[in-house]
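Engineer: structural data only, the sequence is not supplied:
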């Protein structure tokens, strides 16, 4: 079944395999990304997962490999340098390193990647920076949700260019002041 012409049949067969050598071979040579992804999701070898996380042609396979790997260096590498935002985002969901998160929150070209990074940041200065200066309102909203500075929240509630950011800042300010 792993050599069937139909990729759905090959994928179904891969989902029943436990043989690591065969899974690795399929992940390397099958032309269909869905089959390769199914194989990668069952691979237990870190070296093999690292290879797919860095070099597979399909972002879907790279993202699946990233989700399965616990190798910090590979995760950081993919979070910073993968050409696909989906892979960078998948890596950031696993990473807890505040330096890497700060870098991606500030410098990634994709707003969704920046938002994931902001949602994991703990540094209030970095969150304040993103709440005020990120070009995308969705990222600013994520930062506002984590701020604890009442004065800054009040300023954002009055002056942000986006109505939803202003509303979120006002709600956050209300929730913080009701706790005092």
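Structural biologist: Cool, the structure landed. Given the structure is predicted, the values throughout are model-derived calculations rather than measurements.

Engineer: helices of this structure, residue ranges please.
Structural biologist: Along the chain, the stretches classed as helices by DSSP state H are 7-14, 20-29, 33-40, 46-55, 59-68, 72-81, 85-94, 98-107, 111-120, 124-133, 137-144, 150-159, 163-179.

Engineer: mind putting those helices in TSV, mean pLDDT and mean neighbour count included?
Structural biologist: Yep, even glycine has a C-beta here, placed from its N, CA and C like the rest. Converted to TSV, these look like this (pLDDT from 0 to 100; neighbours: other C-beta atoms under 10 Å):
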stretch	mean pLDDT	mean neighbour count
helix 7-14	95	18
helix 20-29	96	17
helix 33-40	97	24
helix 46-55	97	18
helix 59-68	98	23
helix 72-81	97	18
helix 85-94	98	22
helix 98-107	97	18
helix 111-120	98	22
helix 124-133	98	18
helix 137-144	98	24
helix 150-159	98	16
helix 163-179	95	15
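
Engineer: and the gap between residue 148 and residue 116?
Structural biologist: With distances taken as C-beta to C-beta, to the nearest Å, residue 148 is found 21 Å from residue 116.

Engineer: would you confirm that residue 7 contacts residue 26?
Structural biologist: No. Using C-beta atoms under 8 Å, residue 7 makes no contact with residue 26, being 11.3 Å away.
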